[in-house]
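> Coordinates for the following, if possible.
(chains A and B)
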Protein chains: 2
Amino acid sequence: MRLSRYFMPILKENPKEAEIVSHRLMLRAGMIRQQSAGIYSWLPLGKRVLDKVNAIIREEQNRSGAIELLMPTLQSAELWQESGRYDDYGKEMLRIKDRQERPMLYGPTNEEMITDIFRSSVKSYKDLPLNLYHIQLKFRDEIRPRFGTMRSREFLMKDAYSFDLTREAALHAYNKMFVAYLRTFDRLGMRAIPMRADTGPIGGNHSHEFIILADTGESEVFCHKDFVDFDIPGIDTDFDDVAALQGIFEKWTSRYAATSEMHDAAAFDAIAEGERVCARGIEVGHIFYFGTKYSEPMGAKVLGPDGKEHLVHMGSYGIGPTRLVPAIIEASHDENGIIWPQSVAPFDAVVINMKAGDAGCDAASTKIYGELGTAGLDMLYDDTDDRAGAKFATADLIGVPWQVIVGPRGVAAGEVELKNRRTGERETLPIDAVIAKLGATR
Amino acid sequence: MRLSRYFMPILKENPKEAEIVSHRLMLRAGMIRQQSAGIYSWLPLGKRVLDKVNAIIREEQNRSGAIELLMPTLQSAELWQESGRYDDYGKEMLRIKDRQERPMLYGPTNEEMITDIFRSSVKSYKDLPLNLYHIQLKFRDEIRPRFGTMRSREFLMKDAYSFDLTREAALHAYNKMFVAYLRTFDRLGMRAIPMRADTGPIGGNHSHEFIILADTGESEVFCHKDFVDFDIPGIDTDFDDVAALQGIFEKWTSRYAATSEMHDAAAFDAIAEGERVCARGIEVGHIFYFGTKYSEPMGAKVLGPDGKEHLVHMGSYGIGPTRLVPAIIEASHDENGIIWPQSVAPFDAVVINMKAGDAGCDAASTKIYGELGTAGLDMLYDDTDDRAGAKFATADLIGVPWQVIVGPRGVAAGEVELKNRRTGERETLPIDAVIAKLGATR
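Numbering: from 1, shown residues only, chains lettered A, B, ... in the order given. Here you go, the predicted structure:
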């Protein structure tokens, strides 16, 4: 993408309304724009990051055997009356009447709808296990939306729902998602720690939150330092291997870890002092096993191998991509801007033409930009006539992992400068060497 | 995907509520499910087709220079009061009050919001031309939603918005979208004919609908038969070449073509009898140039090269992906089911194991399924223990382009049968030859 043809409205000033660093940087980098309280547009740069986050979530959901569909945003109130949550949910549920005065709502979550889909078409245990997910907008009418897309009213959620014949099978389904989440957050460049959690309005009796540690986190968390070094399950993990998955689950829940709501000071104090971590955390995922909480009132049953009807055991599993993007920034930035992990960077590299209009600089820049684009990298080319300082500041602000700086003196010698955004390291390299080096990051 | 682990709830009976063939086939193939009047879930098979349609739309939008972002579904009423459309839009607009009693609405279209984004950050003619698009849900509260996702209330729309300094530049932006649309519909396997259109509530004075011909189309259309043979602009089209694009536009508007609303019987009758086409059509895209209709009330101005402020000239360009899917089916099906164009087929091929559990059939099936999957094809593997007739019927119904039929007698001779869904042609081939032949369709 040539910057001169792109739409990336950088803010020079720090926006006053932004209380946390990710909100400030997302506004300054032109990633998002507030449209009304707690409702955001994702501008092109932000959309690119969001797409990459979604792609990784999707790959890991699919790998674990979950199947993607797409449920609508608007739901009929009737479904929620069946489960009993219509009255319970409170003012965070956005209630709507259509032109025929039918009561509707903007889905804050989809347990009822997926249970309805399930009961209408699945009749036998032979069709289980089943895990269905979608990545869809939700709305929760928070009284005080804040922190940008970290706590917005309209937000994107990946929500998966598992259906099993027995509690035992459902706990294996739970472990599959547990492992998929460990892999997902790792690929997003973050260390997430599963912590036993309260179940809130979803209900159920077995639940974990995944929390990333970040100094600017919203809540206090307590855990054993061993979590920092635990291995992430590999790409070759067999999701059908019940014992192996249970082993991973047990390992990752073998040490103390709790949010402040669930904190047990006595248990934490029993840990040796040098092994206690007390930090700030951000919740980036939440998984629940809730048994027959929805299948019972809604009559979601299958015929078992015994020829009798059984209520299905269910779980639900959420990740908020529009919340993950700022969470990644909270965990990865410096005073100059964002530092994207390569896996979710909006562009893999930016070519900075220091003297647009100079024949040598233009030729070298378009060569690097073109060849790396052809090699499959997502490239940005700063071909504008801004001054050098502004170009450097923009490249640092938007956090692209590699900067290729093309100046007239270097080009005369056939060389350009390569800067690593994370480490700040710079090296001068022949043009072909830069192309080879960055091409190999793919 | 192994069918035994997939979620594809096929209906054996014809659903009574479906009045048109695409609606019937989408329900029967388990592509969609109605959740409430005019509101659908896209089940896994349908979601796959929708994703492929969206990917083609996105590629062609990007090729033409349009830039993707993502605006929210809920909008503040204030924006629509500025443009004057809040009162005009009528009951199709779903009006909502949030918990603070603020008037909101579920966007039926986004001219106001994109104009607001534009005016807040673009100040100079140097940042033009600009074309911003998103693929986002819309809601229009139709009094009588029907025909499945062909005319639903919650639906997906790709809407692009162009901004230019002058009317002349805006007409070039219009031509870019005109050409992008010709390419898009062609890649989706359809011949779409641009027809001069009424502008309706979007407004403006220069507008075309893209109509595909299908016997089951919703409205009557009239055109010259030459349209059927016009060349589609190639992948090497230079979207910056003003004259070339104007040439394509003129060619594609040089013959008579009109919907019944705009029909001029005298002009049509002047065409030689053998060259008149009077047919049924389905609208699959609609583009508008509307000048300063929104920039004027909303104050969207840029500084021109003359140092003065100029209202920007705008256009908007819509395609409905959730409508395109049934439109493709209307244009491509037979009595046994859907016939997908390869470009949007949910799977490229299905391996039908005629005797699941037989060691030879299982080995041959998994070999073909595995190797073609590795080669990059989207593969479905019918590994269920249904009887042969049911498997064939399902494969025909869901319309996958190629069926590989693996039976015990063939496998003993190292052979399988390959069926082309569109032509019905069958041939018996060695296993490696089938893999090579289908691998080459990639």
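
> quick one: the helices in chain A?
Taking DSSP state H to define them, one finds helices in chain A at A:21-28, A:44-63, A:77-83, A:85-88, A:111-121, A:167-187, A:242-252, A:265-269, A:295-298, A:321-331, A:359-374, A:388-398, A:408-412, A:431-439.

> what angle sits between the longest one and helix A:44-63?
Counting by axes from the mean of the first three to the mean of the last three C-alpha atoms, to 10 degrees, helix A:167-187 lies at 140 degrees to helix A:44-63.

> Quick check: can you list the domain ranges of chain A?
A:3-338, A:349-440 (the TED database).

> So which of these is nearest chain B?
domain A:3-338 (3.6 Å; C-beta to the nearest C-beta). In this view, the C-beta of every residue, glycine as well, is placed from N, C-alpha and C.

> Quick one: end-to-end distance for that closest one.
End-to-end distance of domain A:3-338 (C-alpha to C-alpha, to the nearest Å): 18 Å.

> Would you format the domains of chain A as TSV with mean pLDDT, distance to B:G46 and mean neighbour count included?
As requested, those are exported to TSV (pLDDT from 0 to 100; distance: least, C-beta to C-beta, whole Å; neighbours: other C-beta atoms under 10 Å in any protein chain shown):
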stretch	mean pLDDT	distance to B:G46	mean neighbour count
domain A:3-338	95	8	19
domain A:349-440	97	29	18
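
> Could I get those in CSV, plus columns for distance to B:D116?
Below are the domains of chain A laid out as CSV (distance: least, C-beta to C-beta, whole Å):
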stretch, distance to B:D116
domain A:3-338, 8
domain A:349-440, 23
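
> Of all these, which one comes closest to B:Q136?
Closest to B:Q136 of the domains of chain A is domain A:3-338 (C-beta to C-beta; 8.8 Å).

> Any figure for the gap between the closest residue to A:W42 other than its chain neighbours and B:K123?
Counting by C-beta to C-beta, 6 or more residues apart in numbering or on different chains, B:L70 is the residue found nearest to A:W42 once chain neighbours are left out, at 4.1 Å. Distance of B:L70 to B:K123, computed by C-beta to C-beta, to the nearest Å: 23 Å.

> Same question for A:I271.
Taking C-beta to C-beta, one finds A:I271 at 57 Å from B:K123.

> same check, this time on A:S219
41 Å.

> doesn't A:M104 make contact with A:K97?
Yes: between A:K97 and A:M104 there is a contact at 6.9 Å, judged by C-beta atoms under 8 Å.

> Please, where are all the strands along the stretch 201-350 of chain A?
For the stretch 201-350 of chain A, the strands defined by DSSP state E, counting those that start in this stretch cover A:206-213, A:219-224, A:257-259, A:276-291, A:301-303, A:309-311, A:313-319, A:333-334, A:337-338, A:349-353.

> follow-up on the earlier one: any idea how far the residue nearest to A:W42 lies from B:D127?
Taken as C-beta to C-beta, the span from B:L70 to B:D127 is 20 Å.

> before we move on, what about A:S343?
A:S343 is 31 Å from B:D127, by C-beta to C-beta.

> cool, A:G304 as well?
64 Å.

> go on, A:V325?
Remark: distance between A:V325 and B:D127 (C-beta to C-beta) = 25 Å.

> got a list of what the residue nearest to A:A363 when sequence neighbours are not counted touches?
Distance criterion C-beta to C-beta, 6+ apart; nearest residue to A:A363, sequence neighbours excluded, is A:V411 at 8.0 Å. Each residue near A:V411 by C-beta atoms under 8 Å, 6 or more residues apart in numbering or on different chains is listed here: A:D358, A:G360, A:C361, A:A363, A:A364.

> repeat that for 10 Å
A:V411 sits next to A:N353, A:M354, A:K355, A:D358, A:A359, A:G360, A:C361, A:D362, A:A363, A:A364, A:S365, A:I431 when contact means C-beta atoms under 10 Å, 6 or more residues apart in numbering or on different chains.

> just A:S316 next, same as before
With C-beta under 10 Å, 6+ apart, A:S316 has these contacts: A:109-111, A:114, A:133, A:159-162, A:177, A:202-204, A:207, A:286-290, A:293-294.

> same thing but 8 Å
Contact analysis of A:S316 by C-beta under 8 Å, 6+ apart lists A:T109, A:E111, A:D159, A:A160, A:Y161, A:S162, A:I202, A:I287, A:F288, A:F290.

> do the same with A:Q246
A:H172, A:N175.

> one more time with 10 Å, if that's ok
If you count contacts by C-beta under 10 Å, 6+ apart, then A:Q246 has A:L171, A:H172, A:N175, A:F178 around it.

> export the residues you listed to a markdown table and tack on distance to A:T253?
Below are the contacts of A:Q246 laid out as a markdown table (distance: C-beta to C-beta, whole Å):
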| residue | distance to A:T253 |
| --- | --- |
| A:L171 | 12 |
| A:H172 | 15 |
| A:N175 | 10 |
| A:F178 | 9 |
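
> could you pick out which of these are near chain B?
For chain B, no contacts are drawn from these by C-beta under 10 Å from any C-beta of the partner chain.

> residues contacting A:K12?
With contact set as C-beta under 10 Å, 6+ apart, A:K12 has these partners: A:R28, A:A390, A:A393.

> and what of A:L188?
A:52-53, A:56-57, A:60, A:212, A:284, A:319, A:321, A:324-325, A:327-328, A:331, A:341, A:343-344.

> try 8 Å this time
A:V53, A:I56, A:L324, A:I328, A:P341, A:S343, A:V344.

> A:E415 too?
A:T428, A:L429, A:P430, A:I431.
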